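**Q** have a look at this prediction, sequence included:
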Amino acid sequence: MRELQLGRVYRHFKGDRYLAEAVARNAEDGAEYVVYRKLYGDGSLWVRPLAEFLSEVDRVKYPGCTQRYRFELLEIPSVRSASAEH
């Protein structure tokens, strides 16, 4: 299974971006959920089961999808050049 990276930005397979903020447990059964924030609109918080967050896209339901996973980690480079950091 893939590993969730908190504090990082993920792209949903439909295109929008989200910040993974925390993992929470359901008080009834201990199931793990990802707490994530929309990086558009109102910036609201959402939860989704951890296994679903890390799962592959359902190719039967979304046959034209080019992304492998429901949420994929984005590598966001710094806008500063290496020389500006010194």
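**A** Structure's in. What do you need? Just so it is clear, the structure is predicted and the values come from calculations on it, not from any experiment. Residues are numbered from 1 along each chain as shown.
**Q** can you give me the helices for the chain?
**A** With DSSP state H as the criterion, the chain has helices at 50-53.
**Q** report the central residue of this protein.
**A** For the chain, the residue nearest the mean C-alpha position is residue 10 (3.6 Å; C-alpha atoms, centre = their mean).
**Q** quick one: the strands in the chain?
**A** Shown for the chain, the strands assigned by DSSP state E span residues 9-12, 17-25, 32-38, 45-49, 71-73.
**Q** of all those strands, which lies closest to residue 63?
**A** strand 9-12 (17.3 Å; C-beta to C-beta). For glycine as for every other residue, the C-beta is placed from the backbone atoms N, C-alpha and C.
**Q** so which bits of the closest one are buried?
**A** By 16 or more other C-beta atoms under 10 Å, the buried positions in strand 9-12 come out as 9, 10, 11, 12.
**Q** can you list the residues you listed in a markdown table and add distance to residue 19 and pLDDT?
**A** A markdown table is the format used below for the buried residues of strand 9-12 (distance: C-beta to C-beta, whole Å; pLDDT from 0 to 100):
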| residue | distance to residue 19 | pLDDT |
| --- | --- | --- |
| 9 | 6 | 98 |
| 10 | 8 | 98 |
| 11 | 11 | 98 |
| 12 | 12 | 97 |
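**Q** ok, the residues you listed vs residue 24, which is closest?
**A** residue 10 (16.7 Å).
**Q** so what sits opposite the closest one in the bridge?
**A** residue 18, residue 73 (DSSP bridges).
**Q** check what pLDDT the spatially closest residue to residue 46 that is not a sequence neighbour gets.
**A** Using C-beta to C-beta, 6 or more residues apart in numbering and skipping residues adjacent in sequence, the residue nearest residue 46 is residue 36, 5.6 Å away. Model confidence at residue 36, expressed as pLDDT, equals 98.
**Q** from what I see, residue 36 and residue 44 are in contact.
**A** No: counting by C-beta atoms under 8 Å, residue 36 does not reach residue 44; the two are 10.0 Å apart.
**Q** which of those two has more neighbours?
**A** residue 36 (23 against 8; other C-beta atoms under 10 Å).
**Q** dump the residue contacts of that one.
**A** Residues near residue 36 by C-beta atoms under 8 Å, 6 or more residues apart in numbering: 10, 18, 19, 20, 21, 45, 46, 47, 48, 53.
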